[in-house]
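Student: give the three-dimensional model of this entry:
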Amino acid sequence: MSRPLPFVPFVEQVLGVKLTPAQRVLCLVAYDGKEPGELQGEEREVARQLFGDVDRIPPEARHVVVVVAGARGGKSYILCALRLLYLALTAPLDTLAPGELAAALIIAPDMRLARQTLRYIVGAAKRVKEIASRIAGESSETLTLRREGGRAVSIECLPATRGGSAVRGRSLVGAVLDECAFFRDESFVVNDAEVFKAVAPRIMPGGQLVISSTPWAETGLLFDLFRANHGQPGTCLAAHAPTTLLRPDARTRSMVERERERDPDNAAREFDAQFMAAGAGLFFDGNAIEAAVDKSIALPVPPKPGTMVTCGADFGFRNDSSALVVVHRSGVESTVADVLELRPEKGAPLKPSETIATFAEALKRHGASYLTSDGHYRQAIEEHLAEHAFSFIPAPDGVTGKVQTYTKARALLHEGRVKLPNHPRLLRQIREVISRPTPGGGLSISSPRWRTGGHGDLVSALVLALHDQYGGTEVQDTRVLSPAEAEAAAIRRYTAAHYEQYECDRQDAQRRELEEMYGGDYYEMIADRIARLP
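Tutor: As a prediction, this is how the structure comes out:
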């Protein structure tokens, strides 16, 4: 390959990969140096959708390619894996010192995602006899290719946690920052800019840095580069590539529409490749989170006499985790005393009975009498909790209820009344809660859905446990409630919040089921229970 084919013919003719029209246009412009203004007809229109109304790309902008892409559009396979394989086989090596090994890097949020991209590369390389014969070494995290003249290029995986420090002194024929909107260091602090600053200067002449990711909030490296260069390339070439543009087939469109119906916000980000709306921001202050972390906390923390114990839970059995967070309160200080997370595996969802049994052991360990959670799976949860002699108290529901509970938790945290353990997943989820204004002066609160698992389950459980610490009263209340008082207050909150809705639904099936279960009016039963509590 002394005079290599351009990238698109390499993919289509050598590797036998069929590109969609949009994938082909993106690769022609971003990788093969084609000017958008040279394209004709439908390809010219696709280029406008991808790059904006641009006719010519400045040569200095082609060194870095930024792709804000929808999921399942071929981003990791075609735009990252095959591009890196091509650069490893063709990029000039004449600037290397004698004996120096060139590298091509795959940097992803974690090693699992990086290895997946490497597997794409290995599979493509072994498919073609000429390329397979160049493989000089292979492991789960590296692939070494032998070039003409005895030179070698090592394709390596790195997690974003090491993406900055691990590239010092390297000569790179190329690098991909895959899913860079989700880069974090060992402390789960955003480090995308640091990785970029370490990698970009080390790309050799003729190489390229590809930054490709589904978007997140309007902040960070991906957003900054895209905003500054889309439609007006200067420091890089930026493309916007929704899923249905990259893959316009009926099956993909149907998948996207199903997600749009299920979760419009997630579909807009995940498939339409839209950054979070303007005004979205981190809900909890990062400095307050850092100040709240007490590294001396060893979970589980045994309760002390006189400690108020509250437990918040968030249940998921198939796609999301089930989480339980226990909080102890003494005076005005609340301490996270236990964190449990049960995560389903593919094809093996969690069983409600086993999940509740595990959580019941924790409740017993801390001397709690009930847990608070939202109303999803309520009947199953109540039934299994009752088997262990524990109560279930539904959390304030709806958007208003969620804002109420999160706002109280934030007030407690920001006033320094919360002590957090050094629990990486919990801290990450607290840091990533996003709030944004809604029409009419409201507020929307959300957490990212991670491909590696988790959808704000731990922080949701924490928020409910903190909310129960004050029995629905103002944060300024410093009185510690007894366990019986805390449970009674939780029931009162639940009764007040749901009574009006219950009146509107008197004839529905759930009411009849409840009355059959308890032998009378369910809410009268609750009122009677409150009256009998100490």
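Student: helices of the stretch 101-250 of the chain, residue ranges please.
Tutor: 111-127, 129-132, 192-199, 221-229, 243-246, 250-262 (DSSP state H, counting those that start in this stretch).
Student: nearest to residue 286, out of these?
Tutor: Ranking the helices of the stretch 101-250 of the chain by proximity to residue 286 (C-beta to C-beta) places helix 192-199 first, at 15.5 Å. All C-beta spots, glycine's among them, are computed from the backbone N, C-alpha and C.
Student: rewinding a little: among the helices of the stretch 101-250 of the chain, which comes closest to residue 321?
Tutor: For the helices of the stretch 101-250 of the chain, the distance to residue 321 is smallest for helix 111-127, at 16.8 Å, taking C-beta to C-beta.
Student: which residues touch the closest one?
Tutor: With contacts defined as C-beta atoms under 8 Å, 6 or more residues apart in numbering, helix 111-127 is touched by 15-17, 76-77, 80-82, 84-85, 106-108, 131-132, 134-135, 138, 140-143, 145, 155, 157-159, 176, 178-179, 451-452.
Student: could you do stretch 364-383 as well?
Tutor: For stretch 364-383, the external contacting residues (C-beta under 8 Å, 6+ apart) are 300, 302-303, 309-315, 317, 324, 326, 328, 337-338, 352, 356, 359, 363, 385, 388, 390-395, 397, 460-461, 464-465, 467-468, 483, 487, 490.
Student: next, the buried residues of it.
Tutor: Within stretch 364-383, the residues that count as buried by 16 or more other C-beta atoms under 10 Å are 366, 368-374, 377, 381.
Student: go on, stretch 392-407?
Tutor: Quick answer for stretch 392-407 (16+ other C-beta under 10 Å): 392-396, 401-407.
Student: so which of these are in strands?
Tutor: 392-394 (DSSP state E).
Student: hmm, which of the buried residues of stretch 364-383 is lowest in pLDDT?
Tutor: On pLDDT alone, residue 377 ranks lowest of the buried residues of stretch 364-383, at 82.
Student: sec struct for the closest residue to residue 394 other than its chain neighbours, please.
Tutor: Nearest in space to residue 394, with sequence neighbours left out and distances taken as C-beta to C-beta, 6 or more residues apart in numbering, is residue 375 at 5.0 Å. Three-state assignment for residue 375 (DSSP: H, G, I helix; E, B strand; the rest coil): coil.
Student: switch to numbering from 32
Tutor: Yep, numbering from 32; the last one is residue 406 now.
Student: and residue 87, how many neighbours?
Tutor: 11 (other C-beta atoms under 10 Å).
Student: that one looks like it's in a strand, true?
Tutor: No: assessed with three-state DSSP, residue 87 is coil; it does not lie in a strand.
Student: what about it, distance to residue 113?
Tutor: Remark: distance between residue 87 and residue 113 (C-beta to C-beta, to the nearest Å) = 26 Å.
Student: circling back: and the contacts of stretch 395-414, which of them are buried?
Tutor: Neighbour counting by 16+ other C-beta under 10 Å classes 331, 334, 340-346, 348, 355, 357, 359, 368-369, 383, 387, 390, 394, 416, 421-426, 491-492, 495-496, 498-499, 518, 521 among those as buried.
Student: in strands only, show me those residues.
Tutor: Taking DSSP E, the ones among the buried ones among the contacts of stretch 395-414 that sit in strands are 340-345, 355, 357, 359, 368-369, 422-425.
Student: nearest to residue 99, of those?
Tutor: Set against residue 99, the nearest of those by C-beta to C-beta is residue 345 (30.3 Å).
Student: hey, what's that closest one bridged with?
Tutor: As for beta bridges, residue 345 partners with residue 354 under DSSP bridges.
Student: that one: what's it in contact with?
Tutor: Residues near residue 345 by C-beta under 8 Å, 6+ apart: 351-354, 404-405, 487-489, 491-492, 495.
Student: please repeat the previous calculation with a cut-off of 10 Å.
Tutor: Applying C-beta atoms under 10 Å, 6 or more residues apart in numbering to residue 345 gives the contacts 351-356, 372, 404-405, 407, 426, 486-495.
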